[in-house]
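Trainee: Let me see the structure of the following:
(one chain, ligands or ions: 1)
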Amino acid sequence: MAKSAHPDYEDVMRFIRGMDAQIPNVRVLPLGHSVKGREIPCVIFGDAGAGNGDKQRALIVAGQHGNEESGRAIALALMRFLLSDASSARDLLRLQEVAVVPCGNPDGAQADSYHNADDVNSAHDYHFDRAPQAPESAALEKFALSFEPDCFVDIHGLSGGSMNDRIWVTPVLGFSANRGFVFRMAEEASEAAEAAGYPVCEVQPAPIIDPARSATGLLGEKLAFEMNTLAFGLEAIERYYREQEWCEVGLLRLLTLLEYGGNDRFGLGYTGYPNSLVSGFRLCGLLAHGQTAELRRQSRGELTRFLRENFAMVSRGSDGVERLAKVGVFSKTVNGKNPERFSIMVRVKKPATLETVIWDGKPLASGGEHGFRVLDRIHDLQITADICAPFGGPLRSLEIRYRSPMIDIGGRK
Ligand SMILES: [Zn+2]
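Mentor: Okay, here's the model as predicted:
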């Protein structure tokens, strides 16, 4: 088959070999080998060493379907950007570590085929109960699970003649607030591309994950299931746009998503992707515990795995009946390891004056690993209780006593 001028595996390897070896804080990691023995490279931008505990992590994978060369082109465009002197690139890497796998299926890239050399669809080879079949997906999964990304993007290309670009999103646990977050992020990425002249893009949900029914899935689904990773897929129309356009629109969408890792766009009180809100709602939710991104990542994984196997709830009644905000924390079963720390976030409408915060009948002090924090926002007080105690078990409660004309009126006692 005639090879196109678009980047194949050799082009990707030439780019990686040509990167200046002296560039600080860039590492090339071989993840494994394809069926035919070609190395699968990963390029990690950002120093994984000292002082890195507060960095978010993003993983960008392209070319799992070998004949979708737009993904490889976009991954190369991203790497060029991250290597550049652009201040926006420096800002991004100050707050995030970005791992790029520009060619997830080397044999498919060389043969211009969708599948790998054993005719396996390696992009759909991720299972909730066992290891992948193909060496390409096994290598990618092993790295992804150890890297523990906060944000994951799987880049594909639409070569079937469709007129629509697509961004698909993977909602995580059915009761998670992230469902709203991922759609808003994807819509914003789509709008950024529209503002630059690429108007047609569909934002589509991937199916809700149900491991009992689906034997195989995508890597994003597995990561969302294991660690509440925010997962996206990007697809460019290969037969309609040309390479320069794939790169421009793809990079724009990628950078729009990555921007969330360096901001607090959902007002949760920390910088980073919003998946530290593991479940609940933005008025009351279960948050990962920890003052750094690294600690929150660990806590998020523990809480996600616990919630997957146990009946648990964090629920808030209506404020005012007992002249306080009361949040119940309850778990009926304990399957697996019980997380030993968690945080609960509660918002109360202003004007309000906070009096005391009580966890399990005892007053909490302000600050510290086991204490509470208050964020004075425009319309509400956000009170976060950081609890060092087992998450699961019998009903306990967080009580927040506050004065407010909203609950003090009407002569009720
Ligand atoms: Zn694909």
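
Trainee: Do you have the helices of the chain handy? List them.
Mentor: Along the chain, counting by DSSP state H, helices occupy 9-18, 69-83, 87-95, 106-111, 135-147, 178-195, 219-227, 243-259, 293-309, 405-408.

Trainee: out of those helices, which comes closest to the ion?
Mentor: Closest to the ion of the helices of the chain, according to CB to the ion: helix 69-83, at 7.5 Å. To be clear about C-beta, it is placed using only N, CA and C from the backbone, and glycine gets the same treatment.

Trainee: With just CA atoms, put that closest one into PDB.
Mentor: Extracted C-alpha coordinates of helix 69-83, given in PDB (Å, rounded to 0.1, in the frame of the first residue of the first chain):
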ATOM      1  CA  GLU A  69      -2.200   9.200  11.300                       C
ATOM      2  CA  SER A  70      -3.800  12.400  12.400                       C
ATOM      3  CA  GLY A  71      -3.300  11.300  16.000                       C
ATOM      4  CA  ARG A  72       0.400  10.900  15.500                       C
ATOM      5  CA  ALA A  73       0.500  14.300  13.800                       C
ATOM      6  CA  ILE A  74      -1.300  16.000  16.700                       C
ATOM      7  CA  ALA A  75       1.000  14.200  19.300                       C
ATOM      8  CA  LEU A  76       4.000  15.500  17.500                       C
ATOM      9  CA  ALA A  77       2.500  19.000  17.400                       C
ATOM     10  CA  LEU A  78       2.000  18.800  21.200                       C
ATOM     11  CA  MET A  79       5.600  17.700  21.800                       C
ATOM     12  CA  ARG A  80       6.900  20.500  19.600                       C
ATOM     13  CA  PHE A  81       4.800  22.900  21.700                       C
ATOM     14  CA  LEU A  82       6.100  21.500  25.000                       C
ATOM     15  CA  LEU A  83       9.700  21.800  23.800                       C
END
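
Trainee: just to revisit the earlier point, which one, of the helices of the chain, ends up nearest to F372?
Mentor: Closest approach to F372 among these is made by helix 293-309 (16.7 Å; CB to CB).

Trainee: and the closest residue to Y273 other than its chain neighbours, how many neighbours?
Mentor: In space, Y273 comes closest to D150 once its chain neighbours are excluded; the distance is 4.3 Å by CB to CB, 6 or more residues apart in numbering. When neighbours are counted by other CB atoms under 10 Å, D150 registers 27.

Trainee: ditto for G368
Mentor: As a burial measure, G368 scores 12 neighbours (other CB under 10 Å).

Trainee: check contacts around it.
Mentor: Neighbouring residues of G368 by CB atoms under 8 Å, 6 or more residues apart in numbering: D386.

Trainee: do you know how far it is from the ion?
Mentor: 48 Å (CB to the ion, to the nearest Å).

Trainee: next one: P390
Mentor: Applying CB to the ion, the value for P390 to the ion is 43 Å.

Trainee: so who does that residue touch?
Mentor: N338, P339, E340.

Trainee: Grab the nearest non-local neighbour of the last one.
Mentor: Of all residues beyond its chain neighbours, the one nearest E340 is P390 (6.0 Å), with distances taken as CB to CB, 6+ apart.

Trainee: ok, now V43?
Mentor: V100 (5.0 Å).

Trainee: Isn't the one you found up against A75?
Mentor: Yes - between V100 and A75 there is a contact under CB atoms under 8 Å: 5.6 Å.

Trainee: what residues are shared contacts of the two?
Mentor: Common neighbours of V100 and A75 (criterion: CB under 8 Å, 6+ apart): I60, A62.

Trainee: what's the neighbour count on the closest residue in space to D319 that isn't next to it in sequence?
Mentor: For D319, ignoring the flanking residues on the chain, the nearest one in space by CB to CB, 6+ apart is A325 at 4.6 Å. Residues near A325, counting by other CB under 10 Å, number 27.

Trainee: I'd like to know how far the residue of the stretch 101-250 of the chain found nearest the ion sits from E221.
Mentor: Going by CB to the ion, the ion is nearest to H156 of the stretch 101-250 of the chain, at 3.3 Å. Here H156 is placed at a distance of 14 Å from E221 (CB to CB, to the nearest Å).

Trainee: In terms of neighbours, single out the busier of the two.
Mentor: Per other CB under 10 Å, whichever of H156 and E221 has more neighbours is E221, with 26 against 22.

Trainee: Poorly predicted segments of this structure, please.
Mentor: Scanning the chain for pLDDT under 70 picks out 1-5, 21-22, 47-52, 160-162, 171-178, 207-215, 408-413.

Trainee: sorry, back to before: make JSON lines from the helices of the chain and add distance to the ion to it.
Mentor: Putting these into JSON lines (distance: least, CB to the ion, whole Å) gives the following:
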{"stretch": "helix 9-18", "distance to the ion": "16"}
{"stretch": "helix 69-83", "distance to the ion": "8"}
{"stretch": "helix 87-95", "distance to the ion": "26"}
{"stretch": "helix 106-111", "distance to the ion": "10"}
{"stretch": "helix 135-147", "distance to the ion": "13"}
{"stretch": "helix 178-195", "distance to the ion": "17"}
{"stretch": "helix 219-227", "distance to the ion": "12"}
{"stretch": "helix 243-259", "distance to the ion": "14"}
{"stretch": "helix 293-309", "distance to the ion": "27"}
{"stretch": "helix 405-408", "distance to the ion": "52"}
